[in-house]
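J.: build me a model:
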Amino acid sequence: MNRKRLDDLSGLSMLDLFRVEAENQTAILTAGLLELERGPVVPRQLEALMRAAHSLKGAARIVNLTVPVRLAHAMEDCFVLAQQGRISLGQNHFDVLLRGVDLLTQISKCSDADINQWETDYAREIVGFLNTLAALASAPPPPEPRSQPLNQASTVALPTSQPAPAAYATLLRRQDAPDRVVRVSAENLSLLVSLAGESLVESRWLHPFATSMQRLSRHQAEIVQALDSFRHSFREQGLPEPIQSQLNTVSEKLKRCRGLLTDGLEQLDLFDRRATALSQRLNQAVLQTRMRPFADGVRRFPRMVRDLARILGKQVRLEVVGEHTQVDRDILEKLESPLAHLLRNAVDHGCEPPDERRRAGKPAEGMLRLEARHRAGMLLITVVDDGRGVDPSLLREVIVRKKLTTPHVAEQMSELELLDFLFLPGFTMKDTVTEISGRGVGLDVVQNVVKSVRGVVRVVSQPGRGMRFQLQLPLTLSMIRTLLVEVAGEAYAIPLPQIVRTVQLPREKIEVLEGRHHFKFDDQQVGLVTAHQVFDCGDPQPPGNHLSIVVVGERVNRYGLVVDRFLGERELVVQPLDPRLGKVKDISAAALMEDGAPVLIVDVEDMIRSIEKLVARGQLTGVNTGGIPETTRKRVLAVDDSLTVRELERKLLTSRGYLADVAVDGMDGWNAVRAGHYDLVITDVDMPRLDGIELAMLIKRDPVLKTLPVMIVSYKDREEDRLRGLEAGADYYLAKGSFHDETLLQAVADLIGEPET
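T.: Below is the predicted model of the structure:
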């Protein structure tokens with residue numbers, strides 16, 4: 001028997017109750033209309049839609065809202081006529097009925113003071129909806145065609161019986177037998193989560209205490225054994241009776257104490273197991289209150305995809321998989337905008353028009369799949385389309401055309417490296433800007449939001465077959481899976497999703513190049529940096545035969561963080577830092593260990609920025625490797641305020657065999673050349689704080705640095721820049737038109753020679 005709804009909504013006004021009812025019933029109406037539009041009509045669907053409209057009409061009448069009553073009543077009449085076979089629902093009906101759902105949704109979201117004004121502002125649209133629906137309801141049903149293509153937007157027939165689609169049946173079950181609901185404020189819920197986490201930590205204190213009591217029991221046993229040995233050693237010589245009596249008394253008391261301690265330890269061990277299990281259940285139950293089904297955050301997406309496809313003249317269907325997958329409510333709220341961007345991009349960029357799909361041997365209707373599932377303690381959300389995908393050659397052409405790299409470097413990039421350009425701010429493959437897309441902000445928003453919740457985005461393209469975006473996220477923001485590491489005697493927690501790899505690196509695998517230590521990882525030279533310098537916590541200890549390294553960062557900015565040792569994987573309850581502390585450098589939050597000791601959770605993104613600042617300023621110290629021989633190679637500093645240009649120049653130089661450092665602007669470049677040793681400086685002209693010509697002038701005026709060669713690269717190719725650069729003392733000027741990989745490398749070789757091996 002289905003349970004009746006019993007919501008604890010006593011604190012709500014009547015209008016608030018209407019809003020709750022409207023939210024549920026409009027969701028039923030939207031899902032049902034979309035299912036009817038895609039497939040044949042079944043009586044059960046029409047019955048559910050009629051009941052939803054009727055319930056909404058009754059709720060509006062109770063709170064004296066005339067307009068929702070009229071709207072819902074008109075929709076109810078339409079469904080009744082369809083049930084009676086007097087009309088056949090076609091595309092025009094669905095368009096109008098969905099417009100009515102929109103009006104009901106809008107009015108349900110109005111505040112008490114704004115409802116009358118809303119009714120006045122939308123009076124013409126309301127009358128237009130009622131008149132249009134009445135005209136459609138009075139029109140005679142068109143004759144049924146002999147054959148009808150799949151997904152045709154004409155009238156659909158009414159079969160006698162057919163089970164409701166799975167997604168629609170889910171909504172019906174949710175309405176008929178919902179769970180009991182209790183309204184709890186977000187602040188109280190967060191407090192409960194924090195207290196449950198503290199309870200779990202406190203319960204774990206019992207185990208080490210029981211272990212220490214067991215050691216005490218063993219010490220008592222040793223004392224009893226020593227006393228018995230003492231008595232036996234004097235048995236032949238004999239002891240005075242008073243002493244013998246006292247020894248017997250002490251021995252008996254020790255044995256009784258040991259027995260009491262043993263019994264107490266058994267009870268303590270039982271209590272420890274029960275308390276730990278209870279705290280774990282309490283913590284899991286409280287955390288479960290933060291979880292919501294994935295369907296709660298994606299209800300509007302099928303309608304959004306349907307409307308967008310209609311605007312673009314396409315046929316696209318959204319399939320949602322894993323609707324009941326539990327997601328942290330904070331994460332679910334943050335995901336709404338990124339998922340909307342991905343779905344809009346898939347409809348606009350990915351899915352082809354029907355004619356193009358037929359020519360490619362595909363069904364006329366494109367398919368989008370939005371899936372949520374748990375795997376290995378993580379939440380995986382996947383957006384897949386069966387559209388055209390991204391052509392790597394076309395992507396290379398766009399990247400080169402936007403002057404983000406040279407043709408030669410673009411040809412050497414892997415497909416994964418090319419796809420990373422899609423996430424750059426302002427990057428788009430469309431030539432025109434529309435209301436839907438073309439400004440290049442969608443994927444940038446996706447990546448930023450996913451990173452803000454300690455997640456990562458991965459993308460795979462199959463040209464002609466589709467595109468796949470996978471978001472790997474933590475299950476909850478209250479708990480976090482981390483790797484504990486020790487740095488200068490202190491424990492630090494690094495979130496597992498942001499760790500590329502952990503490595504135990506032999507000393508002989510480390511290369512020292514001009515004071516900078518590197519090691520080979522995935523065919524890439526990864527720079528080493530000590531956690532002691534990043535966290536400013538003392539000097540690192542001399543290593544043994546291996547270095548413990550945590551590899552972090554993206555493919556472009558990847559570093560190996562050297563720690564003292566790994567302490568293992570832990571799941572921690574996140575404790576926010578006191579807001580009065582502000583933003584703590586390189587730290588995001590804190591947690592408590594099993595023994596109550598605090599541990600800091602590392603902000604990996606902030607830590608990478610700190611490392612890049614150390615590199616740019618030339619302040620990065622080497623790793624204590626116990627005397628690894630250094631290799632002499634020429635070192636070049638690339639100064640540019642564009643991240644893309646900096647990294648492309650660095651890749652180009654390192655691929656030829658030079659050592660390459662980067663600086664983010666002229667001032668950082670000036671600090672770097674004074675703090676380190678370089679054989680050449682390559683600088684852009686237009687930069688903040690200090691431009692390239694001023695940097696060249698400072699270098700040439702410095703008595704120590706004046707012999708340092710300076711190459712100016714101008715992307716605007718202005719004659720006045722050329723003259724100013726040469727007057728400032730620049731040794732080489734490379735214009736935009738001649739800036740190709742071989743030209744740049746040849747200019748570098750002319751100035752400082754070929755790299756030494």
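J.: phi, psi of the closest residue to Ser194 other than its chain neighbours?
T.: Closest residue to Ser194 apart from its sequence neighbours, by CB to CB, 6 or more residues apart in numbering: Gln575 at 7.1 Å. Heads up, the C-betas are built off the backbone N, CA and C, glycines and all. Backbone torsions of Gln575, given as degrees, to the nearest 10, read phi -120, psi 110.
J.: ok, the one 10 residues further on next?
T.: Main-chain dihedrals, Lys585, degrees, to the nearest 10: phi -60, psi 130.
J.: measure it to Pro68 for me?
T.: Using CB to CB, to the nearest Å, Lys585 is found at 54 Å from Pro68.
J.: out of those two, which sits in the more crowded spot?
T.: Taking other CB atoms under 10 Å, Lys585 and Pro68 do not tie; Pro68 has more neighbours (22 against 13).
J.: report pLDDT for the more buried one.
T.: pLDDT, Pro68: 85.
J.: need the contact list for it.
T.: 18, 22, 56-57, 60, 104, 107-108 (CB atoms under 8 Å, 6 or more residues apart in numbering).
J.: kindly recompute the last result at 6 Å.
T.: By CB atoms under 6 Å, 6 or more residues apart in numbering, the contact set of Pro68 is 60, 104, 107.
J.: by neighbour count, which of those wins?
T.: Ala60 (24 neighbours).
J.: show me where the stretch 651-757 of the chain has strands.
T.: All strands of the stretch 651-757 of the chain, identified by DSSP state E, counting those that start in this stretch, fall at 659-663, 680-684, 710-714, 732-735.
J.: could those go into CSV alongside mean pLDDT and mean neighbour count?
T.: Converted to CSV, the strands of the stretch 651-757 of the chain look like this (pLDDT from 0 to 100; neighbours: other CB atoms under 10 Å):
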stretch, mean pLDDT, mean neighbour count
strand 659-663, 83, 24
strand 680-684, 90, 25
strand 710-714, 86, 25
strand 732-735, 80, 19
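J.: on that earlier part again, inside strands: which ones of the contacts of Pro68?
T.: Among the contacts of Pro68, none falls in strands (DSSP state E).
J.: now those in TSV, with distance to Pro293 and pLDDT?
T.: Putting the contacts of Pro68 into TSV (distance: CB to CB, whole Å; pLDDT from 0 to 100) gives the following:
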residue	distance to Pro293	pLDDT
Ala60	27	80
Leu104	23	84
Ile107	27	81
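J.: of these, which belong to helices?
T.: 60, 104, 107 (DSSP state H).
J.: so what are the domain limits for this structure?
T.: Domain ranges of the chain: 14-140+164-181, 187-289, 293-474, 479-616, 632-752, per automatic domain parsing.
J.: what's the average pLDDT for the third one?
T.: Regarding domain 293-474, the rounded mean pLDDT is 84.
J.: same thing with the shortest one?
T.: Per-region confidence: domain 187-289 scores 77 on mean pLDDT.
J.: end-to-end on it?
T.: Terminal residues of domain 187-289 are spaced 13 Å apart (CA to CA, to the nearest Å).
J.: and what of the fourth one?
T.: The separation between the terminal residues of domain 479-616, taken as CA to CA, is 35 Å.
J.: thinking again about what came up before, would you turn the domains of the chain into CSV with distance to Val623?
T.: Formatted as CSV, those follow (distance: least, CB to CB, whole Å):
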stretch, distance to Val623
domain 14-140+164-181, 55
domain 187-289, 35
domain 293-474, 27
domain 479-616, 5
domain 632-752, 16
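J.: ok so, going back, looking at the ones in helices among the contacts of Pro68, spot the one nearest His93.
T.: The shortest gap between His93 and any of those belongs to Leu104, at 16.4 Å (CB to CB).
J.: now for Asn248, how many residues are close by?
T.: If you count neighbours by other CB under 10 Å, Asn248 ends up with 12.
J.: and the helix or strand harbouring it, what does it pack against?
T.: Asn248 is part of helix 241-289, with elements assigned from DSSP states H and E. With contacts taken as 3 or more CB pairs under 6 Å, 6 or more residues apart in numbering; DSSP states H and E, helix 241-289 sits against helix 186-203, helix 206-233.
J.: I'd like to know which of those helices lies nearest to Arg396.
T.: Between Arg396 and the helices and strands packed on helix 241-289, the tightest spacing by CB to CB is seen for helix 186-203, at 47.2 Å.
J.: could you list every helix and strand in contact with that closest one?
T.: Helix 186-203 packs on helix 241-289, going by 3+ CB pairs under 6 Å, 6+ apart.
J.: identify the residues contacting the helix or strand following the helix it packs on?
T.: Downstream of helix 241-289, the first helix or strand assigned by DSSP H and E is strand 291-293. The contact list for strand 291-293 (CB under 6 Å, 6+ apart) reads 324, 326, 329, 332.
J.: what is the residue lying closest to the second one once chain neighbours are set aside paired to in the beta sheet?
T.: Among residues not flanking Gln326 along the chain, Met291 sits closest, at 3.9 Å (CB to CB, 6+ apart). Note on Met291: beta-bridge partners Asp328, judged by DSSP bridges.
J.: burial count for Met291?
T.: If you count neighbours by other CB under 10 Å, Met291 ends up with 16.
J.: any idea how far it lies from Gln225?
T.: 55 Å.
J.: now Leu380: how far from Leu343?
T.: 17 Å.
J.: ok, back up a step: okay, the strands of the stretch 651-757 of the chain in CSV with distance to Met413 next?
T.: Formatted as CSV, the strands of the stretch 651-757 of the chain follow (distance: least, CB to CB, whole Å):
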stretch, distance to Met413
strand 659-663, 17
strand 680-684, 21
strand 710-714, 21
strand 732-735, 22
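J.: follow-up on the earlier one: so which of the contacts of strand 291-293 are in helices?
T.: 329, 332.
J.: show the buried residues in the contacts of strand 291-293.
T.: Neighbour-count burial (16 or more other CB atoms under 10 Å) is assigned, among those, to 326, 329, 332.
J.: residue contacts, the second one?
T.: By CB under 6 Å, 6+ apart, the contact set of Arg329 is 290, 292.
J.: recalculate using a threshold of 10 Å.
T.: 186, 189, 289-292, 296-297, 476-477 (CB atoms under 10 Å, 6 or more residues apart in numbering).
J.: just the first one next, same as before
T.: Contacts here follow CB under 10 Å, 6+ apart; on that basis Gln326 touches 287-288, 290-294, 332, 372, 374, 379, 475-476.
J.: which of these count as buried?
T.: For the contacts of Gln326, a neighbour count by 16+ other CB under 10 Å gives the buried set as 287, 290-294, 332, 372, 379, 475-476.
J.: tell me which two of those residues sit farthest apart.
T.: Leu287 and Ala372 (17.5 Å).
J.: who wins for proximity to His532 among the strands of the stretch 651-757 of the chain?
T.: The nearest among the strands of the stretch 651-757 of the chain, by CB to CB, is strand 659-663 at 21.3 Å.
J.: what is the burial count for Pro703?
T.: For Pro703, the count of nearby residues is 6 (other CB under 10 Å).
J.: give me phi/psi at it?
T.: According to degrees, to the nearest 10, Pro703 has phi -60, psi -30.
J.: nothing else from me, thank you.
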